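Engineer: My questions concern the predicted model and sequence given below.
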Amino acid sequence: MPRDRRGPGADPFRDELETIVRQFIGRVTVLASGAALEAASSALARSRAAGGRLGPAERASMGATVVSYLLSHPGQTVGALRDALAVPHRPLALVLKRLVADGLVRSEGVNRRRRYFPDPSATSAATLAAIEANAPGFGSTPSHSHT
């Protein structure tokens, strides 16, 4: 039996369905980014009212927001992230340090020229949900690796 070697355009229904699915995924990603940003902003407002320290839930929420933002804006500096997300520098720097340690974000460069990029594994909605749910690996205690 010969193999079916239809290329793009051979099945208009399939092509249209794939286009609709891609558009849907794009819209869900944008909505999730907006919701994560809104959640982080409200968590930060609560933390500022409580003295400026972030608890595990706020750190997790900020982590999900940072990863989500980096997915659509890779290569940002800490200053650019701080301005775009309207968050204080110190908590953001601590969250970025943890994201890098957990392998969800990678950095290139040094000092003020350091830029942050999302790890390809961070593109899944499950990864963002796990960060926001304060999953193991992004909690209140730092991970230490001795290799």
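Structural biologist: Received, thanks.

Engineer: secondary structure element for E18?
Structural biologist: helix 12-49 (DSSP states H and E).

Engineer: Go through the helix or strand just after that helix and flag the buried ones.
Structural biologist: Per DSSP H and E, helix 12-49 leads on to helix 56-72 as the next helix or strand towards the C-terminus. Buried residues in helix 56-72, defined by neighbour count with 16 or more other CB atoms under 10 Å: 57-71. Backbone N, C-alpha and C define where each C-beta goes, glycine included.

Engineer: same question for helix 56-72, mean pLDDT?
Structural biologist: When pLDDT is averaged over helix 56-72, the result is 84.

Engineer: Dump the very next helix or strand once past it to PDB, restricted to CA.
Structural biologist: Counting by DSSP H and E, the element after helix 56-72 in chain order, helix or strand, is helix 78-85. Extracted C-alpha coordinates of helix 78-85, given in PDB (Å, rounded to 0.1, in the frame of the first residue of the first chain):
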ATOM      1  CA  VAL A  78      16.900  42.800  35.100                       C
ATOM      2  CA  GLY A  79      16.200  46.500  34.700                       C
ATOM      3  CA  ALA A  80      14.000  45.900  31.600                       C
ATOM      4  CA  LEU A  81      12.100  43.200  33.500                       C
ATOM      5  CA  ARG A  82      11.800  45.400  36.500                       C
ATOM      6  CA  ASP A  83      10.300  48.200  34.500                       C
ATOM      7  CA  ALA A  84       8.100  46.000  32.300                       C
ATOM      8  CA  LEU A  85       6.600  44.100  35.300                       C
END
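
Engineer: Okay, buried residues for helix 78-85 please.
Structural biologist: For helix 78-85, the neighbour count (16+ other CB under 10 Å) marks V78, L81, R82, L85 as buried.

Engineer: Same question for stretch 111-122.
Structural biologist: R115, Y116, P118, D119, A122.

Engineer: repeat for stretch 85-95
Structural biologist: Across stretch 85-95, burial judged by 16+ other CB under 10 Å covers L85, V87, P91, L92, V95.

Engineer: Can you list the helices and strands that the helix or strand hosting the last one packs against?
Structural biologist: Using DSSP H and E, the secondary-structure element containing V95 is helix 89-101. If contacts are counted by 3 or more CB pairs under 8 Å, 6 or more residues apart in numbering; DSSP states H and E, helix 89-101 sits against helix 56-72, helix 78-85, strand 105-108, strand 115-118.
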